[in-house]
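In: take a look and give me a structure for this.
(2 chains)
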Number of protein chains: 2
Amino acid sequence: MTTTSGPITSQQLLEQWQGHRRLTRKVIEAFPDDKLFTYSIGGMRPFSALVLEMLAIAGPGATGAATGKWGEYDDQSKNPPKTKKELLDLWDKATAVIDTEFPKITPQRFQEVDKAFGMYEGPIFWSILYFIDNEIHHRGQGYVYLRSLGVEPPPFWER
Amino acid sequence: MTTTSGPITSQQLLEQWQGHRRLTRKVIEAFPDDKLFTYSIGGMRPFSALVLEMLAIAGPGATGAATGKWGEYDDQSKNPPKTKKELLDLWDKATAVIDTEFPKITPQRFQEVDKAFGMYEGPIFWSILYFIDNEIHHRGQGYVYLRSLGVEPPPFWER
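Out: Prediction:
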């Protein structure tokens, strides 16, 4: 078992993740209700589907990172949310799961190699950065959707 | 002076940044030559301008983080690149600057509060995460441009 002396603390990484998630929440809110579920560019998924991908990763990812127990990756719920309100409620539930699970990840666990969702092999820190980066990536796409709808997105630096 | 026991090492954070930069380089390459400088959606900047923003941040940001000497933020060069080749050459120069400067950032420096580019106050780790996140954000927008041009972007997980 080793611990690393590094550039950031676990608590700072958690705050970084939740800061991004607060911004993504504002982006969800910025979408016109119907466009959230229907609007797309270039054959891509609507923003609601990108958010469901983030939700399939967020809570289950934090839980898997903390416990080594990974559920199956599932962004195709049989009962997907149909309104912005339902989507935001799922978002807030995931926020609470992350706040509970993330602090259980030990410094040595961050460096352990594991298969996230039974599929993606790498150190835990790498999986968690992937979870965050994937959200930033898809949220950036949501910004283009909003701009092309004539809606001003929230500033990127606002967390 | 304190050092932090954290989830990742400096070397891993550098590799994370350069991995993202390798992917962004592929996205630049994927653009049709003219569209790189002209195509936009919703009144946004063309991808070349987003890349110039990344370049204004990358090398100068790594240098400022390492040395405390921040140049002025400048993404409006008087002599901006006019071809994909010129843009990629600037990209590769920045890669070398980051590889040289980043390892000079000490663990305690990562936690020091400084004003990035004389303007954005926060700990150095926070500024560096911002540099990386800003690139992911704008690159994600480039993915939408490519999709709407009918061009398949490189896979997000390829670094």
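In: what's the mean pLDDT across stretch A:84-101?
Out: For stretch A:84-101, mean pLDDT rounds to 98.
In: how about the CA coordinates for that stretch, as CSV?
Out: Extracted in CSV, the C-alpha atoms of stretch A:84-101 (Å, rounded to 0.1, in the frame of the first residue of the first chain):
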residue,chain,number,x,y,z
LYS,A,84,-37.0,18.6,-16.2
LYS,A,85,-38.2,18.4,-12.6
GLU,A,86,-37.8,14.6,-12.6
LEU,A,87,-34.3,14.9,-14.2
LEU,A,88,-33.2,17.5,-11.6
ASP,A,89,-34.5,15.3,-8.8
LEU,A,90,-32.4,12.4,-10.0
TRP,A,91,-29.5,14.8,-10.3
ASP,A,92,-29.9,15.9,-6.6
LYS,A,93,-30.1,12.3,-5.5
ALA,A,94,-26.8,11.5,-7.2
THR,A,95,-25.3,14.6,-5.5
ALA,A,96,-26.1,13.1,-2.1
VAL,A,97,-24.8,9.7,-3.1
ILE,A,98,-21.4,11.2,-4.2
ASP,A,99,-21.2,13.2,-1.0
THR,A,100,-21.7,10.0,1.0
GLU,A,101,-19.5,7.6,-1.0
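In: near chain B, anything from it?
Out: No - figure legend: stretch A:84-101 not in contact with chain B (Cβ under 8 Å from any Cβ of the partner chain); closest approach 14.1 Å. Placement of C-beta: from N, CA and C, glycine included.
In: ok, residues contacting that stretch?
Out: Contact partners of stretch A:84-101, identified using Cβ atoms under 8 Å, 6 or more residues apart in numbering or on different chains, comprise A:14, A:17-18, A:21, A:24-25, A:28-29, A:31, A:33, A:36, A:48, A:51, A:55, A:58-59, A:62-63, A:65-67, A:81.
In: chain center to it, what's the gap?
Out: Distance, stretch centre to chain centre, for stretch A:84-101: 10 Å (Cα atoms, centre = their mean, to the nearest Å).
In: residues of it that come out buried?
Out: Neighbour-count burial for stretch A:84-101, counted by 16 or more other Cβ atoms under 10 Å in any protein chain shown, picks out A:84, A:87, A:90-91, A:94-95, A:97-98, A:101.
In: among these, which lie within helices?
Out: Under the assignment DSSP state H, these contribute A:84, A:87, A:90-91, A:94-95, A:97-98, A:101 to helices.
In: would you mind giving those as a markdown table with distance to residue A:155 added?
Out: As requested, these are exported to a markdown table (distance: Cβ to Cβ, whole Å):
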| residue | distance to residue A:155 |
| --- | --- |
| A:84 | 21 |
| A:87 | 22 |
| A:90 | 25 |
| A:91 | 20 |
| A:94 | 23 |
| A:95 | 21 |
| A:97 | 27 |
| A:98 | 23 |
| A:101 | 29 |
